[in-house]
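> Okay, here's the prediction I keep looking at, along with the sequence it came from:
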Amino acid sequence: MAYSTDNPPALVSQGVAGFGKTWAYDSADAATVVRVDGYITNAEELGMAVGDRVEQFDSAGGTVSHVYNVVAINANGSADLSDGTAIASTDTD
């Protein structure tokens, strides 16, 4: 699956003066795809900035699967995300 500007990350919170934003992204794409430089093609247009956090939700399960940081906004407006951290969820009851 590829990124679509019809399903962009959504801004869910931001710090004072707009610094330290957190974005939620609902996608079944693998982390190895999402973290590729340029995957989010319209990051600058959305208002993403270096240091922002992107939480990827698993479309099927509704849980956070990975968390990334924006490490660069490229000249073409796309984002370069960190390799990310996998988030494991269990419910043993």
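Sure, I can see it.
> Spatially central residue for this structure, please.
Val54 (3.2 Å; C-alpha atoms, centre = their mean).
> name the element that one belongs to?
Assignment of secondary structure by DSSP states H and E places Val54 within strand 53-57.
> Show me what that strand is packed up against.
If contacts are counted by 3 or more C-beta pairs under 8 Å, 6 or more residues apart in numbering; DSSP states H and E, strand 53-57 sits against strand 22-26, strand 64-73. (Glycine included, C-beta is placed from N, CA and C.)
> List the contacts of the residue nearest to the centre of the chain.
Shown in contact with Val54 (C-beta atoms under 8 Å, 6 or more residues apart in numbering): Pro9, Thr22, Trp23, Tyr25, Ile40, Met48, Val67, Tyr68, Asn69, Val70, Leu81.
> and which of those residues is nearest Val16?
Ranked by distance to Val16 (C-beta to C-beta), the contacts of Val54 are led by Thr22 at 13.8 Å.
> okay, now the closest one: neighbour count?
Burial of Thr22 is recorded as 16 neighbouring residues (other C-beta atoms under 10 Å).
> which residues pair with it across the strands?
Thr22 has the following beta-bridge partners by DSSP bridges: Ser13, Arg53.
> By mean pLDDT, which helix or strand of the chain comes out lowest?
Within the chain, confidence by mean pLDDT, DSSP states H and E is lowest for strand 85-86 among all helices and strands, at a mean of 87.
> packing partners for it?
Contacting strand 85-86 under the criterion 3+ C-beta pairs under 8 Å, 6+ apart are the following elements: strand 64-73.
> for the strand it packs on, packing partners?
helix 31-34, helix 43-46, strand 53-57, strand 79-81, strand 85-86.
> how about these, which one is nearest Ala2?
Evaluated with C-beta to C-beta, those place helix 31-34 nearest to Ala2, the distance being 8.2 Å.
> Need the residues that contact that closest one.
Residues outside helix 31-34 that contact it (C-beta under 8 Å, 6+ apart): Met1, Tyr25, Ser27, Tyr39, Gln56, Ser65, His66, Tyr68, Leu81, Asp83, Gly84, Ala86.
> if I pick the last one, what's in contact with it?
Neighbour list for Ala86: Ala31, Ser65, His66 [criterion: C-beta under 8 Å, 6+ apart].
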